[in-house]
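[1] this is the structure alone, sequence omitted:
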């Protein structure tokens, strides 16, 4: 730490002044900077705990880069990658693709806050955040590039958000609004508070711990190196919440309600299926449900209380969906696995027992569906993928753009709304509420089914996968074992026909 740092940092952090040569509203126009009409002294109360200087930032990032480089030089090779459990390689492929271009969108979002944030300390923290996010973009791109010769699916690390694959549509819809379409105030609440206080911990702490148990030190190092920056970004959110909850509580409550649900829907798919289905059983020290209980229901709930906010109005629905939603999305994804760029396993008998133990309220309802899949594999034989594959596209929500898989066997949570001559279908009441608050943001976006109905995407599944999603036989998803499941017993032989006695 530089000598005398504390003697000058308080002066360097706060370099705001009242503009006289232009109107303040011209310097910070509401449409770009956010419309919260707060007095200057309210903004000056911004105070993030991580008061990082540029010198300290560069030194810290250099140390992290050296650590990542050392691990990459040792482990980023074909043999170590191919030695990983096949299902875990799918988790690697999934997260390698969803990370980098979303992180690059965060560069743009943070640069907007670095210019239009209403306090100089906030702007400086956002500028360092933009540098962080550029680094987070480069790490998975670099690691995956090392391994493309071993696995062509890792090319999707770069291609993912440039495609019309259905997870990419949902991810792009989320990050475009979250990081390109949000003003700095919404960005601070949605990204720095909601996204980085709770949900990224599922990725960068929970999944990193599982990677270590699996023996994937490369993914573990990639995730933990990113997490150290996310913890600093979250401080921007807390600092903003303390100001906004006093001066504009209704708005900040609505933003929290919106982005908690939107974030939850996406992470429940990406992280939920990785933890509960793609992680080898011996490495599942906690279920996705248990991670969510700790990092979202407990810690995020405490953060809401700490900042004078209430739980979102749909809290009970969110809690109930933890037991159901990602399991049903996984079942849909497995049934239509050629539409993704990674393989998906049928849960083994031991894994099903674990899932029933962890999700007693829901997984017994799903067990008969997996038994039907088992029966279809027995009937078709190993390697015959299309005999055990869904033949028609599935439905998607008009807000989160994810599969209509809400609710349980007794209650379908989907809702319908007619707006401006178009019928919109939502996976849940919260997604409908989000639409009704800001229909101009969502009304013109077309989900995958709407694109098919309008002739923009082919209805034939094979043409959809090849021509619209950009997948091919080398990259589209298959059953991890190609149907030759090691636990599967051959069907019992037919009993011999008894011979008649003479």
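    Now that the structure is in, tell me what you want to look at. Worth saying up front: this structure is predicted, and the values here are computed from it rather than measured.

[2] quick one: contacts for residue 14?
    44, 119-121 (CB atoms under 8 Å, 6 or more residues apart in numbering). All C-beta spots, glycine's among them, are computed from the backbone N, C-alpha and C.

[3] what about stretch 202-214, how long is it end to end?
    One end of stretch 202-214 to the other measures 17 Å (CA to CA, to the nearest Å).

[4] give me the contacts around that stretch.
    Residues from elsewhere that reach stretch 202-214, judged by CB under 8 Å, 6+ apart: 84-85, 88, 91, 95, 217, 219-220, 223-224, 226-227, 230, 267, 271, 274-275, 279-280, 282-286, 288, 291-292, 295-296.

[5] and for stretch 61-70?
    For stretch 61-70, contacts defined as CB under 8 Å, 6+ apart pick out 131-132, 135, 139, 221-222, 225, 228.

[6] buried stuff in it?
    61, 64, 68 (16 or more other CB atoms under 10 Å).

[7] one more: stretch 284-293?
    Within stretch 284-293, judged by 16+ other CB under 10 Å, the buried ones are 284, 287-289, 291-292.

[8] now do it, average pLDDT.
    Stretch 284-293 shows a mean pLDDT of 92.

[9] over to stretch 314-328?
    94.

[10] that older thread, want to throw the buried residues of stretch 61-70 into CSV with distance to residue 10?
    Output for these, formatted as CSV (distance: CB to CB, whole Å):
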residue, distance to residue 10
61, 24
64, 27
68, 33
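
[11] let me know the closest of these to residue 384.
    residue 68 (42.4 Å; CB to CB).

[12] please tell me how far that closest one sits from residue 139.
    Going from residue 68 to residue 139 by CB to CB, to the nearest Å gives 6 Å.

[13] please enumerate the shared neighbours of these two.
    222, 225.

[14] from the chain's centre, how far out does the lengthiest helix in the chain sit?
    Longest helix of the chain, by residue count under DSSP state H: helix 217-247. Centroid separation between helix 217-247 and its chain, computed with CA atoms, centre = their mean, to the nearest Å, is 15 Å.

[15] residue 337 and residue 183, how far apart?
    39 Å.

[16] with residue 466 instead?
    40 Å.

[17] looking at these two, which is more packed in?
    More neighbours surround residue 183 than the other of residue 466 and residue 183, with 20 against 16 (other CB atoms under 10 Å).

[18] and that one, what pLDDT?
    Looking at residue 183, the pLDDT reads 92.

[19] and it, how close does it get to residue 232?
    For residue 183, the distance to residue 232 equals 22 Å [CB to CB].

[20] I figured residue 329 hits residue 402, correct?
    Yes - between residue 329 and residue 402 a contact is recorded at 6.8 Å, counting by CB atoms under 8 Å.

[21] let's see which of the contacts of stretch 202-214 end up in strands.
    Among those, no residue falls in strands (DSSP state E).

[22] of these, select the buried ones using a ChimeraX command.
    The ChimeraX selection below is limited to those of the contacts of stretch 202-214 classed as buried (16+ other CB under 10 Å):
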select :84,85,88,91,95,219,220,223,224,226,227,230,267,271,274,275,279,280,283,284,288,291,292,295,296
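
[23] three-state assignment of residue 425?
    Put simply, residue 425 is strand when judged by DSSP: H, G, I helix; E, B strand; the rest coil.

[24] ok, how many other residues are close to it?
    Residue 425 has 19 neighbours, counted by other CB under 10 Å.

[25] can you give me the distance of residue 341 to residue 60?
    34 Å.

[26] between those two, which one's more packed in?
    The residue with more neighbours, out of residue 341 and residue 60, is residue 341; 27 against 14, by other CB under 10 Å.

[27] check contacts around that one.
    Applying CB under 8 Å, 6+ apart, the residues contacting residue 341 are 93, 97, 153, 156, 160, 165, 471, 475-477.

[28] same thing but at 10 Å, please
    Counting by CB atoms under 10 Å, 6 or more residues apart in numbering, residue 341 touches 90, 93-94, 97, 152-157, 159-160, 163, 165, 167-168, 469-471, 475-477.

[29] out of those residues, which are buried?
    Buried among those (16+ other CB under 10 Å): 90, 93-94, 97, 153-157, 159-160, 163, 165, 167-168, 469-471, 475-477.

[30] give me the neighbour count for residue 416.
    10.

[31] tell me if it really is in a helix.
    No - Residue 416: not assigned to a helix; according to three-state DSSP it is strand.

[32] look up how far residue 9 lies from it.
    55 Å.

[33] and if you look at residue 170?
    Using CB to CB, one obtains 42 Å as the distance from residue 170 to residue 9.

[34] ok, these two, which is more surrounded?
    Between residue 170 and residue 9, counted using other CB under 10 Å, residue 170 has the larger neighbour count: 23 against 15.

[35] and the gap between that one and residue 313?
    Distance, residue 170 to residue 313, by CB to CB: 23 Å.

[36] residue 485 too?
    Computed as CB to CB, the residue 485 to residue 313 distance reads 44 Å.

[37] please apply the same query to residue 257.
    For residue 257 relative to residue 313 (CB to CB), the value is 7 Å.

[38] who touches both of these two?
    430, 433.

[39] how many residues are close by the residue nearest to residue 54 when sequence neighbours are not counted?
    Leaving aside its sequence neighbours, residue 54 sits nearest to residue 128 (CB to CB, 6 or more residues apart in numbering; 7.7 Å). Neighbourhood size, residue 128 [other CB under 10 Å]: 23.

[40] how about the contacts made by residue 128?
    Per CB under 10 Å, 6+ apart, neighbours of residue 128: 50, 52-54, 56-58, 61, 110, 114, 229, 232-233, 236.

[41] which of these count as buried?
    Judged by 16+ other CB under 10 Å, buried ones among these: 52-53, 56-57, 61, 110, 114, 229, 232-233, 236.

[42] can you give me the pLDDT of residue 58?
    pLDDT, residue 58: 89.

[43] which SSE is it in?
    Taking DSSP states H and E as the definition, residue 58 sits inside helix 54-75.

[44] circling back to that earlier point, in helices, which of the buried ones among the contacts of residue 341 fall?
    Filtering the buried ones among the contacts of residue 341 for helices - DSSP H - leaves 90, 93-94, 97, 156-157, 159, 167-168.

[45] reformat those residues as CSV; add pLDDT and distance to residue 396.
    CSV is the format used below for these (pLDDT from 0 to 100; distance: CB to CB, whole Å):
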residue, pLDDT, distance to residue 396
90, 96, 22
93, 96, 22
94, 95, 18
97, 94, 19
156, 96, 20
157, 95, 24
159, 94, 21
167, 95, 11
168, 95, 12
